[in-house]
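Student: Just the structure for this:
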Amino acid sequence: MRISELVGRPVFDASGKSLGRLHELEADNGTIVRLVYGKAGLFERLTGRSAGTKRPWSDVARIDEEGIHLSG
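Tutor: Reported below is the predicted structural model:
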């Protein structure tokens, strides 16, 4: 899967509640470390200011046709 296929997908918490859409992925030395999503994530993407809702990549439980599902 390509990063471009993830951006814009819905993000869901462990109970299935929508948290918004994925707007950015943060990386460190080529490894994805955080997801930036929701309205604040869009603001961060457009302005470059750190304002988005973030979760560690390790919180991703699965990715399917519905979107990105987080654990915990």
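
Student: Identify all contacting residues around the top strand by length along the chain.
Tutor: In the chain, taking DSSP state E as the definition, the longest strand is strand 18-28. Strand 18-28 is contacted by residues 3, 6-13, 32-39, 41-42, 44-45, 52-54, 57, 68, 70 when judged by CB atoms under 8 Å, 6 or more residues apart in numbering. To be clear about C-beta, it is placed using only N, CA and C from the backbone, and glycine gets the same treatment.

Student: Generate a PyMOL selection restricted to the buried subset of those residues.
Tutor: To isolate the buried subset of those in PyMOL, counting by 16 or more other CB atoms under 10 Å, use the following:
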select buried, resi 6+9+11+12+34+35+36+37+38+41+42+44+52+53+54+68+70
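
Student: re earlier: now do the longest strand of the chain, average pLDDT.
Tutor: Averaged across strand 18-28, pLDDT comes to 92.

Student: next one: stretch 63-72
Tutor: The predicted model assigns stretch 63-72 a mean pLDDT of 94.

Student: Listing partners with orientation, what would you give for the longest strand of the chain?
Tutor: Using DSSP bridges, the strands paired with strand 18-28 are strand 10-12 (antiparallel), strand 31-37 (antiparallel).

Student: List the buried residues for that strand?
Tutor: Buried residues in strand 18-28, counted by 16+ other CB under 10 Å: Leu19, Gly20, Arg21, Leu22, His23, Glu24.
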